[in-house]
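J.: Give me the fold of what follows.
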Amino acid sequence: MRIIYFSFLSIFLSIASVLPLYGQFPTEGYNLNNPTFLDSTVADYDIFLNSEVHLRQANGPRKKKMIEYLARKNSVDVIILERGYHFGYWVNCFLETGDSLLLKEYLNVNDFFSTINGKVVDNEYKFYRWLRQFNLTNNLTIRVEALDVATLWDEKPIVWTFLKFTQRNPELKKQLPESVEKAQRFMQKKNLGKFRMINWVKDLVKTCDKLEIDNQDFLDFVFNLNQSIPWAWKTDYDVRDQLVADNFRKYVKKGEKVYGQFGFGHILIHESDRNFFRSFASILNQDKYYKGKILSAGLVWIGCDPDSKENPGEVHGADIFKPFLTQEEFDRLKPEFLKLPSNTFVDLRDTDEKIKDYCQLLLIEID
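T.: Next comes the predicted model:
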C-alpha cells in the first residue's frame with residue numbers, strides 16, 4: 001500500500017505542477033491593452049519579442065500597445081525590425097527631423113510589408129508618425145534598428161537609397177560616378193533581377209574599398225548589401241538569422257532595452273526541431289550577456305478567416321500555432337484558450353509546459 005500511495009502522490013504532484021493550464025487562465029492584467037502581469041518581472045529582461053503574421057492590419061496597433069507598456073516601465077530604447085539597414089536609416093531620419101515627405105517617398109518604393117495588390121494593409125507611414133509623436137510627447141528618444149538582410153531581388157528601395165545618399169552628399173556622387181550612372185538607369189527599369197543587383201553590389205563594394213569614405217551611414221548601408229549576397233544566392237534561413245544576430249550585436253549596445261515584433265520562427269529562444277531554422281533569438285540567448293534576458297511571446301491565432309486576403313488559408317490554415325506549439329499541445333490547450341478574451345497573454349513561466357523553453361508567453365488571438 002505504501003508503494004501505491006507514493007505512486008498516487010507523485011501523479012498528483014505532477015498534475016498540480018501544470019494545473020494552471022487545465023483550469024481557467026487568469027485574465028485580469030493579462031490583456032494586451034495593459035499587461036500588468038509583467039510588472040514584477042519586466043526589468044529582468046533586456047529583449048522583449050513578440051510575433052506577427054506579416055501584412056496584417058493588426059500588426060501596427062499591436063506594436064503600439066507593447067511600446068506604450070514598455071515605455072511606461074522604462075523598458076524600451078530600441079525597436080528592432082525585420083527589415084534591411086536602409087529601412088531603419090530612413091525611419092530614424094524621420095524620427096529625428098520630422099521630414100514626413102522623405103519618409104512617404106521612401107515608403108512608396110518600399111511597401112514590402114505593407115501593401116498587397118496595391119492595397120495598404122499595414123500602414124507603416126501612420127505607425128512611424130505615431131512613434132515620432134509618442135517620442136515627442138513623452139520626451140523619449142526611441143530609435144529603430146533594422147537588422148535583417150537586404151532583399152536584393154526587391155531592388156527599387158536599395159537603388160533609391162543609394163541615389164538619395166549621393167544626392168544628399170555631393171562628395172559621394174563625385175567618388176562613385178559609375179555606380180550612380182548605373183543606379184539611375186536601374187530606376188527606369190521595371191524589373192532588374194537579383195543577378196544584376198548582386199553584380200552591381202559587388203562592384204560598389206570593390207569601389208568603396210578603394211576610396212576614403214567618411215559617411216558611416218553610407219558604409220553601413222553598403223555593408224548590409226554585401227552581407228546579403230549569400231542570402232540572395234540561396235535563401236538559407238540559418239544564414240539569415242545568424243546575420244540578424246550579428247547585426248544586433250553591431251548596432252545595439254549592451255544594457256539597452258529592446259523590443260521587436262518579428263515573423264514566427266525568428267523569436268524562438270532555443271533551437272528546436274519545431275522550427276526549420278536556427279532563430280536569431282536562440283543565437284543571442286547563447287550569449288553570456290543575453291542568456292535569460294530575452295522574453296518571447298508567441299502568437300496563437302484561432303479561427304482566422306481562411307479566405308482572408310491578409311492571411312490565405314491555403315498558406316496558414318484556420319488555426320495558427322506553429323512553431324510555438326506542437327499539434328498535440330494545441331489540441332490539448334485549445335479548449336482553455338477559447339475561454340479567453342482575444343488578445344490575452346498566457347504566461348507559461350511557472351508551468352512545466354515544454355512550450356516555455358521556446359517562448360515563455362503566448363498571445364491568444366481569437367476571431
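J.: Pull out the CA atoms of stretch 268-278 and give them to me as PDB.
T.: What follows is the C-alpha trace of stretch 268-278 in PDB, where atoms were taken according to Å, rounded to 0.1, in the frame of the first residue of the first chain:
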ATOM      1  CA  LEU A 268      12.200  31.000 -30.500                       C
ATOM      2  CA  ILE A 269      14.700  31.300 -27.700                       C
ATOM      3  CA  HIS A 270      16.100  27.800 -28.100                       C
ATOM      4  CA  GLU A 271      16.900  25.600 -31.100                       C
ATOM      5  CA  SER A 272      14.300  23.000 -31.800                       C
ATOM      6  CA  ASP A 273      13.000  20.600 -34.400                       C
ATOM      7  CA  ARG A 274       9.800  22.600 -34.000                       C
ATOM      8  CA  ASN A 275      11.500  25.200 -36.200                       C
ATOM      9  CA  PHE A 276      13.200  24.600 -39.600                       C
ATOM     10  CA  PHE A 277      16.000  27.100 -38.900                       C
ATOM     11  CA  ARG A 278      18.100  28.400 -36.000                       C
END
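J.: tell me the mean pLDDT for it?
T.: Confidence for stretch 268-278, expressed as mean pLDDT, is 92.
J.: do stretch 211-223 as well
T.: For stretch 211-223, the mean per-residue pLDDT is 97.
J.: before we move on, what about stretch 65-85?
T.: The predicted confidence, averaged over stretch 65-85, sits at 98.
J.: Could you pull out the buried residues of that stretch?
T.: Across stretch 65-85, burial judged by 16 or more other Cβ atoms under 10 Å covers 65-67, 69-71, 75-85. Every residue, glycine included, has its C-beta placed from N, CA and C.
J.: Let's see which of these end up in strands.
T.: Secondary structure assignment by DSSP state E places 78-81 of these in strands.
J.: Surely residue 245 is within a helix?
T.: Yes: the secondary structure assignment for residue 245 places it in a helix, going by DSSP: H, G, I helix; E, B strand; the rest coil.
J.: returning to what we had before: could I get the ones in strands among the buried residues of stretch 65-85 as TSV with distance to residue 319?
T.: Below are those laid out as TSV (distance: Cβ to Cβ, whole Å):
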residue	distance to residue 319
78	33
79	29
80	28
81	28
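J.: Give the ranges of residues in the chain that sit below the confidence cut-off.
T.: Regions of the chain meeting the criterion pLDDT under 70 cover residues 1-24, 117, 305-317.
J.: Which stretches in it count as strands?
T.: According to DSSP E, the chain carries its strands in the segments 47-52, 78-81, 115-116, 119-120, 143-146, 258-263, 294-302, 319-320, 344-347, 361-366.
J.: these two touch, right, residue 94 and residue 103?
T.: Yes: when contacts are counted by Cβ atoms under 8 Å, residue 94 is listed as touching residue 103 (4.0 Å).
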